[in-house]
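Visitor: Any chance you could fold what I've pasted below:
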Amino acid sequence: MPRPSRWPDVVQAAAKVFSQKGYSAASLEDIAAEVGMFKGSLYNYITNKEDLLFAVVRSPADHLLTEVRRIAGSDLPPSEKVRRVALIHADIIEDNLPYVQVYLQEIVGKGISPEWAAMDREYLSLLTEIIDEGRRMQIFDSSIDSHLAARMLVGSLNWMTRWYVPGDRSVARAQASQMADIFLSGSLARKSG
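Guide: Residues are numbered from 1 along each chain as shown. Modelled structure (predicted):
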């Protein structure tokens, strides 16, 4: 279905309303009021509220996964890959906070659709592979559980949505870099002697 020109406004309004009220409590009337249109006009854009939920999270989720794939496939050292993943995660939060909040509150771990579960698994798998690469190269401690470490880092970065106030990309990136430093200092292989 072609999207008329107010589609970006509708998606932005849905993100704001879902972020504030939660998906279940939000109504199409709330979203229509936020965007300044009648509820019936929303049906020019969607068939149901779930269409809006997926529209809200699609672009940031696709962008994050595309960037993490690129980073994972690069020739960078594993420690720099971890740092770059943390930075792109922070950039996504800076640019799309309400959208990311909706994704984390309404989709992650809820079994909404196999597609979203596959995206989450791929993100964790790519980060796990980066950590495994660092373990094989003896950059990271061989005793760490790569999957657990990946979950820990992603969880820490996702938690930024609870306390970070957007407005200064350098602050978001500095905080993500500091998280990467903390993660890496606990993951690096120890020199014997």
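Visitor: neighbours around the nearest residue to residue 179 once chain neighbours are set aside, how many?
Guide: What sits nearest to residue 179 in space, not counting adjacent residues and going by Cβ to Cβ, 6 or more residues apart in numbering, is residue 156, at 5.3 Å. Every residue, glycine included, has its C-beta placed from N, CA and C. Number of residues near residue 156 (other Cβ atoms under 10 Å) recorded here: 16.
Visitor: Residue 156 contacts residue 178, correct?
Guide: No: with contact defined as Cβ atoms under 8 Å, residue 156 does not reach residue 178; the gap is 10.4 Å.
Visitor: Residue 109 belongs to a helix, doesn't it?
Guide: No: counting by DSSP: H, G, I helix; E, B strand; the rest coil, residue 109 is not part of a helix but coil.
Visitor: Relative to residue 120, how far out is it?
Guide: 8 Å (Cβ to Cβ, to the nearest Å).
Visitor: for the helix or strand hosting residue 127, which positions count as buried?
Guide: If you go by DSSP states H and E, residue 127 is part of helix 114-136. By neighbour count with 16 or more other Cβ atoms under 10 Å, helix 114-136 contains the buried residues 116, 119-120, 123-124, 126-135.
Visitor: quick one: contacts of the helix or strand hosting the residue nearest to residue 179?
Guide: Assigned by DSSP H and E, residue 156 falls within helix 146-158. By Cβ atoms under 8 Å, 6 or more residues apart in numbering, the surrounding residues in contact with helix 146-158 are 82, 85-86, 89-90, 93, 100, 104, 123-124, 127-128, 130-132, 135, 176, 179-180, 183, 187.
Visitor: That helix to helix 114-136, inter-axis angle?
Guide: 120 degrees (axes from the mean of the first three to the mean of the last three Cα atoms, to 10 degrees).
Visitor: ok, residue 69 - contacts?
Guide: residue 126.
Visitor: ok, and for the helix or strand harbouring it, which residues are buried?
Guide: Assigned by DSSP H and E, residue 69 falls within helix 49-72. For helix 49-72, burial by neighbour count (16+ other Cβ under 10 Å) applies to 49, 52-53, 55-57, 60-61, 64, 67-68, 71-72.
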